[in-house]
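> Fold the stuff below for me.
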Amino acid sequence: MRIGEVADRTGTPVDTLRYYERLGLLPPPARTGSNYRSYSAAHVDRLHFIRRCRGLDMSLAEIRSLLVFCDEPQRHCNDVNAVLDERILHVDQRIEELTRLSRELKQLRGVCRAPGTAGNCRILNTLRSSAAPVGRPAGRRASKSRAR
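Residues are numbered from 1 along each chain as shown. Modelled structure (predicted):
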């Protein structure tokens, strides 16, 4: 298969396919006599695996570590569990952060009782005057993901 066909079959942009090849997540395909990439069904299967992992919000490093097990099926899979446990922990932490963010936004939204002009907007005034974000005590640092 040529790169366009693989892209169509997997819903992956051609640039992403090339990127995954450069990173070594997708092995380089064979080349035709006219130097076109020639992908196999194994490439498509691997790409489906990568895309499924990306759909689970796994990092490329996590995917790379899981692909090692795909490439070496005789290995023990304890480390596969560790990758998933770490991803679950990350997701749980992100859920807590988003829950806090939702509370802060709702609290901020609650300062507006009757919308008026922007010059007298209590939300804008609160945002301008607050030393710390709404709902967070002053002096408390933001988490890493919030600082991004």
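> Contacts only, for the residue most central in space within the chain.
With distances taken as CA atoms, centre = their mean, Asp57 lies nearest the centre of the chain, 4.1 Å away. Neighbour list for Asp57: Arg87, Val91 [criterion: CB atoms under 8 Å, 6 or more residues apart in numbering]. Any C-beta I mention is one placed from the backbone N, CA and C, and that applies to glycine too.
> Mind doing that once more with 10 Å?
Arg87, His90, Val91, Arg94 (CB atoms under 10 Å, 6 or more residues apart in numbering).
> Kindly report the same for Cys53.
Leu25, Ser59, Leu60, Glu62, Ile63, Arg64, Leu66, Leu67, Val83, Arg87 are the contacts of Cys53 under CB under 10 Å, 6+ apart.
> Got phi/psi on the first one?
So that's Leu25. phi -70, psi -30 (degrees, to the nearest 10).
> Numbering from 853 from now on, please.
Okay, residue one is now 853; in that scheme the one you just asked about reads as Leu877.
> Please tell me how far it sits from Ser911.
11 Å (CB to CB, to the nearest Å).
> which of these two has more neighbours?
Per other CB atoms under 10 Å, whichever of Leu877 and Ser911 has more neighbours is Leu877, with 17 against 14.
> which SSE is the closest residue to that one other than its chain neighbours in?
In this structure, Leu877 finds its nearest non-sequential neighbour in Ile902, 5.8 Å apart by CB to CB, 6 or more residues apart in numbering. Following DSSP states H and E, one finds Ile902 within helix 893-907.
> Now do the buried residues in that helix.
For helix 893-907, burial by neighbour count (16 or more other CB atoms under 10 Å) applies to His895, Val896, Arg898, Leu899, Ile902, Arg903, Cys905, Arg906.
> now that helix, how far from the chain's geometric center?
Its chain's average C-alpha position is 16 Å from that of helix 893-907, according to CA atoms, centre = their mean, to the nearest Å.
> Domains in this structure, by residue range?
Using automatic domain parsing, the domain parsing of the chain gives 855-923, 930-987.
> These into CSV, with extra columns for mean pLDDT?
Putting those into CSV (pLDDT from 0 to 100) gives the following:
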stretch, mean pLDDT
domain 855-923, 94
domain 930-987, 88
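> Deepest-packed of those, please.
domain 855-923 (a mean of 15; mean count of other CB atoms under 10 Å).
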